[in-house]
Each structure stands twice: as structure tokens, then as C-alpha cells.
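# the following comprises the amino acid sequence and a computationally predicted model.
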Amino acid sequence: MSYTVEFFNASVQAEVDEWPPGINASFTRIAEMMVEHGPNLGMPYTKPFGDGLFEIRAKGAEGIGRAFFCAMVGRRIVILHGFIKKSQDTPAHELKTARRRLKELQRGQ
């Protein structure tokens, strides 16, 4: 049985859609693999961040994109937040945004 990938809201989808073409293609390929095989692809495609939060690790010639996601009941994968990485470390405010959205989803279930 396959999974579905959806976005937290339209602005998250718009942000990811505006990524440079190579990074966006990598994200799309990883998302398609998640639909077929589930969210637990492991490195180098996905990485756990704890408490039900994971990241998609998209890479293209233009740089690196990260999209935080969670897996929900009913084989749903929700993309919570996406950004283009500009440094080695994940910025704290990006992680904070993803964790806040994860909590919103968990309260809404």
C-alpha cells in the first residue's frame, strides 16, 4: 500500500516549488520514493530529528534543500517546512518552525 505526501499549507508548498530546479528535482524524487516505500528511507535521503520529526535531504547543483516532515495515521506524510541551507548546521529558527507545526498537527488529530 502506498503513502500520500501532502503539504502543511499552501505557503510551504509554494516555498518548496520555488527551490532551484536541481534541488526541487531531488526533493521530488525522494518524495516519490517515500510514496512507494514509506517515510523511513534513511540516509542519504531522510534523517530523523526526534519526537516524530524527520527531514528530507535534497541536494542539487545549486545547493542543498531541507524539508521537515512527519508521518501521520493513514499513511500520510506531511511536509511541515522547507528551506534552502546556507550553512553546515540547521538553523535553530527553521527547526523551531517545523516543531511548532508538528505540534499543531498533533493537537488537531
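Received the coordinates, thanks. Numbers count the residues shown, from 1 in each chain.
# strands of this structure, start to end?
Here the chain has its strands, by DSSP state E, at 4-7, 46-50, 53-60, 63-72, 76-85.
# how about residue 90: what's its closest non-neighbour residue?
Once flanking residues are discounted, residue 90 sits nearest to residue 66: 6.7 Å by CB to CB, 6 or more residues apart in numbering. Placement of C-beta: from N, CA and C, glycine included.
# doesn't residue 59 make contact with the one you found?
No - using CB atoms under 8 Å, residue 66 is not in contact with residue 59; the gap is 9.8 Å.
# of these two, who's got more company?
residue 66 (22 against 17; other CB atoms under 10 Å).
# quick one: residue 2 and residue 15, what's the gap?
25 Å (CB to CB, to the nearest Å).
# compare these two (neighbour count), which wins?
residue 15 (17 against 10).
# what about this structure, any weak spots by pLDDT?
Regions of the chain meeting the criterion pLDDT under 70 cover residues 109.
# rerun at 90
Along the chain, the model assigns pLDDT under 90 to residues 1, 72-74, 86-91, 106-109.
# gap between the residue nearest to residue 90 and residue 16?
Taking CB to CB as the measure, residue 66 falls 10 Å from residue 16.
# so what sits against both of those two?
residue 82 (CB atoms under 8 Å, 6 or more residues apart in numbering).
# report how many residues lie close to residue 93.
9.
# any idea how far stretch 86-93 is from the chain center?
Relative to its chain's centre, stretch 86-93 lies at 15 Å (CA atoms, centre = their mean, to the nearest Å).
# now swap in stretch 50-63 and tell me
Taking CA atoms, centre = their mean, one finds the center of stretch 50-63 at 6 Å from the center of the full chain.
# what lies in contact with that stretch?
Under the contact criterion CB under 8 Å, 6+ apart, stretch 50-63 has outside partners 19-27, 30-31, 34, 39, 43-49, 64-71, 79-80, 84-86, 90, 98-99, 102, 106.
# same thing but at 7 Å, please
Residues from elsewhere that reach stretch 50-63 (CB atoms under 7 Å, 6 or more residues apart in numbering): 20, 22-23, 25-27, 30, 39, 44-49, 65-70, 84-85, 98-99, 102.
# got it, and stretch 37-45?
Taking CB under 7 Å, 6+ apart as the rule, stretch 37-45 contacts 3, 30, 33, 34, 46, 54, 56, 57, 69, 71, 77.
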